[in-house]
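Colleague: Provide a 3D model corresponding to the input given below.
(chains A and B)
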Amino acid sequence: MATNESKVEVASHKNWDLWVVLALATLFYAPQIGGMIQKWENDPDYTHAFLVIPIAIGLLWWKRSELAHIRPNGHWIGLPILLAGLLLCIASLPGMYDYPGRLAIIPILIGSVLLLRGRQFLKKVLFPIVFLFFMVPIPNIMYSKLAMPLQLLASDCSVRTLNNIGIPVEQDRGNQMILKNVKNPEDKDLPLEEQRPFTMEVAQACSGIRSLLAMTCLAAVMVYVLRKELWSRITIFLLSIAVAILLNVFRVATTGVLVDLVDPSMAGGRSHEIWGLITFALAFLLLLGISRLIDWITVPIDQPLQEQREATG
Amino acid sequence: MKAFSPKLIIAALALLIAIVSYHVVNAKVQKLHKRFELAIPFNKVPEKEPSDWDKKALEAVNPKNNHRWVGREMPIPREIVDAAGADSYFSRQYKDRQIQNSFLGAYVAYSESFAVGSNTGALHYPELCFEGSGAKLLGKQEGVQIEIPGYMDGKISVTVYLFLELATDRDGQTMHRKRLVVYWMENGDRIIGDRLSGRIGTFWKTLTGGRLGYLAQIRLDTYLRPLRKENRFETEEEAKERLVEFSRSFLPNVMAKHLPKIEDS
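Modeller: Presented below is the predicted three-dimensional model:
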């Protein structure tokens, strides 16, 4: 045990060249981090992004003993990758387009690791580096292109669901849901026949993109930590997108039910936020369930799960 | 000595040069950006109430043509303007006094930030806002050339959209109607065909220290009119002709006055 620890210590001591490059890369990338922190603070869609760097560091820490035993075998192929990343970041300035500049940290780190440590080392740290993708806010134009269809999908599916379960709803102008049985609270002082039905708007915040971004981020870590086989990692990650979208439809539809059964105030405020958190937790549990289901389907009955994983891993 | 490998030295050197270059380029970009902000002559988002049709208060299009089109301001709530990523806007509705039921919309979103599709705003194509409000895209034609004598180079390249919308008529009945939209972007003295060419243009101008100008997204639209005598609706081509005719008066006479010209300081 003591020998192993001293090996790790010696190895990490030898890593000082990597630390120097990492420190310089951080210095270079600091303005981008500053810009992103502003976005993370001000945009509720990116609150999960605060966790991305700590998680990436945690994953590296988790792999530290494996990394300590890899013999450095740097390759010059890392240099053009590093230079491309640096150039991309600088070139994003005159184009006044932050997105590629912010993503540039990925080629910068990949190039540096490849240059100083080689392919075997890179293979071990590739996921934590690529995982940084989740901290970069997507451009607004891309966001709108994603959010709008999701918003309409959530409205369409919710309207159909509510009508099918006997709650009369009419869809108006894409994302407006008119609940015919519920009166608009703003008209409470008017005679009953003049009161308008309550309109529930599926706002951009309800498009599901927030849970989609957070869920895919969480799913990426989950599959990396829990799964060994590449196919199951990809399958579960892709399913996380479907689960996030599906659960958002569920959230909007159930909000409609709550508005119909309880009160129009259920469509907003704290109760709406809490319901959002509950459905997110449900989505995560569903994803874990899918992971277990894959185990159940793929592992032969007479072979213990751990054994099977070791065999495939 | 072995620790100072050539790979480490080169990586460190590349990063050091990149740090310096980043700050030099950033300083230059900020300087250009500041100059542009000072040059914008617009008032910020106006918050006026819509006026009646007025040919005096607003520039009525083409006085030589006996003020054929009269307009009124169509203010847009600030939160929508902000969500649309515009720093300033121009929004009017025009009425053709020679053709019955001929209404035309003119909307221009100006972006000071100049960052096409940046994170500072959400400048977007018409399909997003129209589809978002429940319209269905029926058709889209890119690169349509329109001849506008006296405006830009006399010819502009636009995208033509056709949307199907739900509307409520005078009797409160829900009906479908089609809306034709003509859209393009301008940056100073050039028409931007698409976002990529806009971004490349921005990149090149900044590098060469050229004038950044503004970014304007221009959208003209009209409904396909019902032709009651003929018991049909206008065709897409007829509506487009009407819109193009309006553009030929509107762009040189009204729009040109509202596009800021940025002079080198």
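
Colleague: just the pLDDT for B:Asp54.
Modeller: Reading off the confidence values, B:Asp54 has pLDDT 69.

Colleague: residues in contact with B:Leu224?
Modeller: B:177-180, B:233-236, B:238-239 (Cβ atoms under 8 Å, 6 or more residues apart in numbering or on different chains). Quick note: C-beta positions are derived from backbone N, CA and C, even for glycine.

Colleague: of these, grab the buried ones for ChimeraX.
Modeller: Remark: buried members of the contacts of B:Leu224, expressed as a ChimeraX selection using 16 or more other Cβ atoms under 10 Å in any protein chain shown:
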select /B:177,178,179,180,233,234,236,239
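
Colleague: spit out the contact partners of A:Trp76.
Modeller: A:115, B:7.

Colleague: do the longest helix seen in chain B and chain A meet?
Modeller: Secondary structure of chain B per DSSP state H: the longest helix is helix B:6-39. Yes. Contact of helix B:6-39 with chain A (Cβ under 8 Å from any Cβ of the partner chain) involves B:7-8, B:10-12, B:14-16, B:18-19, B:21-22, B:25-26, B:29, B:33.

Colleague: give me the distance from whichever helix or strand comes after that helix to the chain's centre.
Modeller: The helix or strand immediately downstream of helix B:6-39 is strand B:69-73, counting by DSSP states H and E. Chain-centre distance of strand B:69-73: 19 Å, with Cα atoms, centre = their mean, to the nearest Å.

Colleague: ok, of the residues of helix B:6-39 next to chain A, which come out buried?
Modeller: Buried residues within the residues of helix B:6-39 next to chain A, counting neighbours by 16+ other Cβ under 10 Å: B:7-8, B:11-12, B:14-15, B:18-19, B:21-22, B:25, B:29, B:33.

Colleague: which of the helices or strands spans A:Ala244?
Modeller: Using DSSP H and E, A:Ala244 falls within helix A:230-261.

Colleague: so what does that helix touch, helix or strand wise?
Modeller: When contacts are defined as 3 or more Cβ pairs under 8 Å, 6 or more residues apart in numbering or on different chains; DSSP states H and E, helix A:230-261 packs onto helix A:140-164, strand A:176-183, strand A:197-201, helix A:209-226, helix A:269-298.

Colleague: which of the ones you listed sits closest to chain B?
Modeller: For the helices and strands packed on helix A:230-261, proximity to chain B was assessed by Cβ to the nearest Cβ; helix A:140-164 is nearest, at 3.8 Å.

Colleague: phi first, then psi, for A:Val262.
Modeller: A:Val262 has phi and psi values of phi -110, psi -70 when expressed as degrees, to the nearest 10.

Colleague: now do the strands in the stretch 151-265 of chain B.
Modeller: Using DSSP state E, counting those that start in this stretch, the strands of the stretch 151-265 of chain B run over B:155-168, B:174-187, B:190-192, B:215-223, B:226-227, B:232-233.

Colleague: Serialize those to CSV and add fields for mean pLDDT and distance to chain A.
Modeller: Compiled in CSV, these are given as follows (pLDDT from 0 to 100; distance: least, Cβ to the nearest Cβ, whole Å):
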stretch, mean pLDDT, distance to chain A
strand B:155-168, 85, 7
strand B:174-187, 85, 9
strand B:190-192, 76, 14
strand B:215-223, 88, 10
strand B:226-227, 85, 22
strand B:232-233, 88, 22
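
Colleague: in the stretch 151-300 of chain A, where is pLDDT below threshold?
Modeller: Scanning the stretch 151-300 of chain A with the threshold set as pLDDT under 70 gives A:173-174, A:204-205, A:300.

Colleague: quick revisit: just the strands of the stretch 151-265 of chain B: most buried one?
Modeller: Burial of the strands of the stretch 151-265 of chain B is given as mean neighbour count (mean count of other Cβ atoms under 10 Å in any protein chain shown); strand B:215-223 ranks first at a mean of 22.

Colleague: quick check: angle from that strand to strand B:155-168?
Modeller: With axes from the mean of the first three to the mean of the last three Cα atoms, to 10 degrees defining the directions, strand B:215-223 sits at 50 degrees from strand B:155-168.

Colleague: the helix holding A:Ala244 vs helix A:140-164, what angle?
Modeller: 60 degrees.

Colleague: how about residues contacting stretch A:224-237?
Modeller: By Cβ under 8 Å, 6+ apart, stretch A:224-237 touches A:59, A:127, A:131, A:216, A:219-220, A:222-223, A:287, A:290-291, A:294, A:298, A:309, A:312-313.

Colleague: does chain B sit close to the host helix or strand of A:Val125?
Modeller: Following DSSP H and E, one finds A:Val125 within helix A:119-130. No. Helix A:119-130 stays clear of chain B (Cβ under 8 Å from any Cβ), getting no nearer than 13.1 Å.

Colleague: what helices or strands is that helix leaning on?
Modeller: So helix A:119-130, by 3+ Cβ pairs under 8 Å, 6+ apart, packs with helix A:52-62, helix A:64-68, helix A:105-116.

Colleague: please export the C-alpha coordinates of it as CSV.
Modeller: Coordinates of each C-alpha in helix A:119-130 appear next as CSV, following Å, rounded to 0.1, in the frame of the first residue of the first chain:
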residue,chain,number,x,y,z
ARG,A,119,-2.4,8.7,-26.7
GLN,A,120,-2.7,6.3,-23.8
PHE,A,121,-2.9,9.1,-21.3
LEU,A,122,-5.3,11.0,-23.5
LYS,A,123,-7.6,8.0,-23.7
LYS,A,124,-8.0,8.1,-19.9
VAL,A,125,-8.6,11.9,-19.7
LEU,A,126,-10.6,12.4,-22.9
PHE,A,127,-14.0,12.2,-21.3
PRO,A,128,-13.4,14.8,-18.5
ILE,A,129,-12.0,17.1,-21.2
VAL,A,130,-14.9,16.6,-23.7
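
Colleague: can you list the buried residues in that helix?
Modeller: Within helix A:119-130, the residues that count as buried by 16+ other Cβ under 10 Å are A:121-122, A:124-129.
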